[in-house]
Structures are given as structure tokens and as C-alpha cells.
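Participant: All I have is the shape, not the residue letters:
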């Protein structure tokens, strides 16, 4: 139901924009009938649309690019890390459209304020290696008392793999040993996120 509503809104917006040039809207729908498929257009397909050589199509693609830039621009502050919701929702936007797995580390102080954030690891389309020693080196450098590990799944699924859960436990144990707590391990999908901490509390 959600996908139907989202797809209908996407097509309505495109048709409205190209209301006096409906053939251009249809060219877009041939390549990308849904917003998710538009997000995954290849460079070759984007070039094809640009080569239709119309001023309106050029303005449309420029506007899309500006929108992507705004959405994916890093947030300077996430405020308090009292729950996964704030961080999860913010990073859903930031990771939107990413085709590579990556891992972002957020550091918190004793008051649970997020004081540092960096994407430490970048992998391929289906896997990304991460190393606990580098995570805690970054945390120590920033005088952190807690960390939040955020990992994206370009497939859109938020189901943690066995490797995800094993790594989560390793980071949690290592953090307890050195006094830097793992506040949460988030997996960000296309429309939602998984929280290891919330899942643990539900058990």
C-alpha cells in the first residue's frame, strides 16, 4: 500500500512538472516508473535524458541534483542521543541513494551529546569491513564516552546479517572493557532502520 501511494505521488509530481510536455514525463517513466528506480538511474541513463536537449528537462535534472545534495549534506548536530529515533531518521536521509555499504561512527560525551561524526569505512554493494580498533581509536581521539555505529544496507533491507550481529557483540564487549559504551548499532535501509539496542530491549 505504501509503495503504491509513493509511486502515485512520484508520477503525479513528474506529470505536473511536465504538464505541457507529457512526452518528457513518459520518457522518464520508461526508465524509472518509481522514485526508487529513478534514484538508481545509471550515468548512461541520466545522460540519455539530458540529451533529449530540452530546457525543461535540463532544469528538472538540475533540481533533482540540488535536492540530492541538500538531503545528503551532513547534519552538523544530532543533539542528544537519548533514543535511536533522532539519529536513525536523520541518517535515513543522509544515506538515501547510496549504492555502497559504509559505516558511520557517532561519538557522544558524558551527557549523551553527539560530539563527533565520521564515515570511517566504505565497502561495496553487499559488504563492508569494519575494525573495532579503528572505531575506538576515533572515539578516544574525540574523548568520547559512548559510540553509535551506523551501517547502511543499499538493498533497502534492515535485517541484520549474522556478521552484523557478531560484529555488534564484539564492539559492545570491547567498549565495556575500555569504558566506552556502545549506545547502539543501527542498520539503515531505504525507508526504515534497525536498532540493536531497541531489539535487545524487546527480548
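Facilitator: Okay, I see it. Because the structure is a prediction, the values reported are computed rather than measured.

Participant: doesn't residue 98 make contact with residue 39?
Facilitator: No: in this structure, residue 39 is not within contact of residue 98 by C-beta atoms under 8 Å, at 9.7 Å. For glycine as for every other residue, the C-beta is placed from the backbone atoms N, C-alpha and C.

Participant: Does the nearest residue to residue 118 once chain neighbours are set aside lie in a helix or a strand, and which?
Facilitator: Excluding its sequence neighbours, the residue lying closest to residue 118 (C-beta to C-beta, 6 or more residues apart in numbering) is residue 105, at 5.9 Å. In this structure, residue 105 is located in strand 102-108 according to DSSP states H and E.

Participant: list the helices and strands that strand packs on?
Facilitator: If contacts are counted by 3 or more C-beta pairs under 8 Å, 6 or more residues apart in numbering; DSSP states H and E, strand 102-108 sits against helix 84-95, strand 114-122, helix 132-141, strand 146-152.

Participant: that older thread, dig out what the residue nearest to residue 118 forms beta bridges with.
Facilitator: Counting by DSSP bridges, residue 105 forms beta bridges with residue 118, residue 149.

Participant: what pLDDT, on average, does stretch 156-166 get?
Facilitator: Averaging pLDDT along stretch 156-166 gives 85.

Participant: picking that back up, to residue 43, which of the helices and strands packed on strand 102-108 lies closest?
Facilitator: Ranking these by proximity to residue 43 (C-beta to C-beta) places strand 114-122 first, at 19.2 Å.

Participant: Now the closest one: buried residues?
Facilitator: For strand 114-122, a neighbour-count test (16 or more other C-beta atoms under 10 Å) marks 114, 115, 116, 117, 121 as buried.

Participant: No more questions from me, cheers.
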